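Undergrad: give me the fold of what follows.
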Amino acid sequence: MNEEVWTEDAADAAGGLDLLLTDAALGVWRRLRPDSSLLRLAGGLARRPRFTVRQSAQLAAELGRITAGRSTVAADPRDRRFADPAWQDNPFLRRSVQAYLAAATTAETLVAGAGLGWRDDTRLKFLLTNLIAAAAPSNNPLLSPVGWKAVIETGGENTVRGLRNLAADAATAPRVPSMVPAGAFEVGKDLAITPGGVVHATEVFELIQYQPVTETVHRYPLLIVPPMINKYYIVDLAPGRSMVEFLVGQGHQVFVMSWRNPDARHRDWDLDTYGGALVEALAAVRTISGEAKTSVCALCSGGIMASMVAAHLGVAGQLDQVASLCLGVAVLDQSQAGTAGAFIDEKTAAAAMAVSGARGYLDGRTLAEVFAWLRPDDLIWNYWVNNYLAGRTPPAFDILYWNADVTRLPAALHHDFIRLGLANALVTPGAATMLGSPVDLGKVDVDAYLIAGITDHLCPWQSCYRTTQLLGGPVKFVLSTSGHIAAMVNPPTNPKAAFRTAPAGANPADPGEFLATATTVPGSWWTDYSSWLAERGGGERKSPRTLGRKAYPVRSAAPGTYVHDR
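TA: Residues are numbered from 1 along each chain as shown. Alright, predicted model coming up:
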């Protein structure tokens, strides 16, 4: 198995906060158990008896051909689960794969043809995806060639190591196979090492300013707002893979908010708390830079909050302080917003709020477990085979280390996100408020740059695209390669990087129309965004010699202290 390939696939599946995953408070097994959707599936198939009988007969006939050795069913050559030659060379193993593939195809066809509504269809496909993934012969220790070869090569030592790995993973949350070795990286030594300093701190966040490396800088600084459920250093990974490092090298003045990892003492921190923190950070950045405007780049849940703050600034007559707005993998219109959205309803929401309310926070480890089961082949069974059957240590990969470095979500913010998602409040002017102001995204008329990932399973790109119809100013939409997080960590050195975009303002309501007319551009969107940002950067000036200002002295070196909170 090619470690580079499957760690990249896992990175595509690794997730930040998706707004509608708030029922993670109730545990992943709630998602995997059958519910009333199963009854509606049975009813849908009963109303289509010819279709159901035809699919069953076709499966029976195919199983007969498999038994007789006459079946042509074969795994996709790109399916790494069955890449070992033994799956083809051994007659028994070949038949086990063929039977598995035939049964899986029939099950998927039955669900797809049952005529279910979006919510039931999505719920059942999630359940079916996990059942099919779990049933793969490659996961069976009695069948897996990977496991048997490891037994021969290690004299059975792999079994001992595998059981030890399994026991360690089962002992602590999230109870899924480890995707990265513990201690593989050290924040401040291997990751988040772009030179800078903490120039402001509150109970909620630390503000990091990065040291310019060019003789001149663009006048208007950039403030990056990370998700509230993750550590900020997704934008400052290893050298060469750091968005902060890249933008600083392009002559931008870069600031980043590093959120505190809250606990039960901070249960009352809500959307207004974080919105107020962003307003305070913007004021600090303007004072430190001496400029009247600041650009904002906000990711995932940070993008939801930042868009609401922009609406508040508009009501307060202060939107002219924002030079531009960038939203990365952020969904503002929650209608049909991915797999997770199909699982939340009023009853589930109330139960989830009760759980986080009693504890004072939503544990990020619970979210990590839910995210893993959204992509079981990549994030569960891939590592099941590697860690437990082969008894190997997973490879070290910076995104996966960051993904495992989970944080908590305060109960009040958790509740606000649930209510916001249930009401889909951001699409209706005035249905939500921020810092006492009604939120009307149509009045956010600053230039905006939107990024989505084409294989994002948490925030589908079509849902991200709908923001083009909500904001009131010129919008450039960029559709990047990869998924939720790998789309964001997309350095120019990535040979596979590419993105699709259309001329500014060419944003039809139908995302399919956008895709049909968009132009594919080779390379990273980082370069495109840097150029776009420079055009709105207010010209150039000499780089500042020192960090901070008299009122905002440097308190400590980057990455600060909050990033180390556990």
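
Undergrad: every contact and neighbour count from this point should use C-alpha atoms.
TA: Noted.

Undergrad: pretty sure residue 314 sits in a strand.
TA: No. Counting by DSSP: H, G, I helix; E, B strand; the rest coil, residue 314 falls outside a strand, being helix.

Undergrad: off-centre distance for stretch 375-383?
TA: Distance of stretch 375-383 from the chain centroid (CA atoms, centre = their mean, to the nearest Å) equals 16 Å.

Undergrad: same deal with stretch 282-298?
TA: On the basis of CA atoms, centre = their mean, stretch 282-298 is displaced by 27 Å from the centre of the chain it belongs to.

Undergrad: over to stretch 43-50?
TA: From the chain centre to the centre of stretch 43-50 is a distance of 37 Å (CA atoms, centre = their mean).

Undergrad: swap in stretch 60-80?
TA: Centroid separation for stretch 60-80 versus its chain: 35 Å, with CA atoms, centre = their mean.

Undergrad: ok, stretch 254-272 next?
TA: The answer for stretch 254-272 is 19 Å, by CA atoms, centre = their mean.

Undergrad: list of residues touching stretch 500-510?
TA: Applying CA atoms under 8 Å, 6 or more residues apart in numbering, the contact partners of stretch 500-510 are 466, 468-469, 474-480, 514-515, 517-521.

Undergrad: can you map out the strands along the stretch 451-566 of the chain?
TA: 475-480, 498-501, 519-522, 540-542, 556-557 (DSSP state E, counting those that start in this stretch).

Undergrad: need the residues that contact the third one.
TA: When you say that, I think you mean strand 519-522. With contacts defined as CA under 8 Å, 6+ apart, strand 519-522 is touched by 497-502.

Undergrad: what distance do you get for residue 331 to residue 300?
TA: Separation of residue 331 from residue 300 (CA to CA, to the nearest Å) stands at 7 Å.

Undergrad: brain fart, residue 292
TA: Residue 292 sits 26 Å away from residue 300, going by CA to CA.

Undergrad: ditto for residue 535
TA: To residue 300, residue 535 is 24 Å away according to CA to CA.

Undergrad: show me which of the two is the more surrounded one.
TA: Shown here are residue 535 and residue 300; by other CA atoms under 10 Å, residue 300 has more neighbours (30 against 11).

Undergrad: does residue 542 touch residue 215 like I think?
TA: Yes. If you go by CA atoms under 8 Å, residue 542 and residue 215 touch, sitting 6.2 Å apart.

Undergrad: might you report the residue contacts of the spatially closest residue to residue 251 that is not a sequence neighbour?
TA: Residue nearest to residue 251 in three dimensions, not counting chain neighbours: residue 217, with 4.6 Å by CA to CA, 6 or more residues apart in numbering. Shown in contact with residue 217 (CA under 8 Å, 6+ apart): 251-253, 540-543.

Undergrad: ok but residue 217 is inside a strand, no?
TA: Yes. The assignment for residue 217 by three-state DSSP puts it in a strand.

Undergrad: now for the helix or strand containing residue 326, which elements pack on it?
TA: For residue 326, the element it lies in under DSSP states H and E is strand 322-328. Here strand 322-328 touches strand 294-299, helix 301-315, strand 448-453, going by 3 or more CA pairs under 8 Å, 6 or more residues apart in numbering; DSSP states H and E.

Undergrad: could those go into CSV alongside mean pLDDT?
TA: Putting these into CSV (pLDDT from 0 to 100) gives the following:
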stretch, mean pLDDT
strand 294-299, 98
helix 301-315, 97
strand 448-453, 96
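
Undergrad: so for residue 163, which of the ones you listed sits nearest?
TA: Of all those, strand 448-453 sits nearest to residue 163, with 36.6 Å by CA to CA.

Undergrad: strands of the stretch 201-350 of the chain, start to end?
TA: Ranges of strands in the stretch 201-350 of the chain, per DSSP E, counting those that start in this stretch, are 205-210, 216-218, 222-225, 254-259, 294-299, 322-328.
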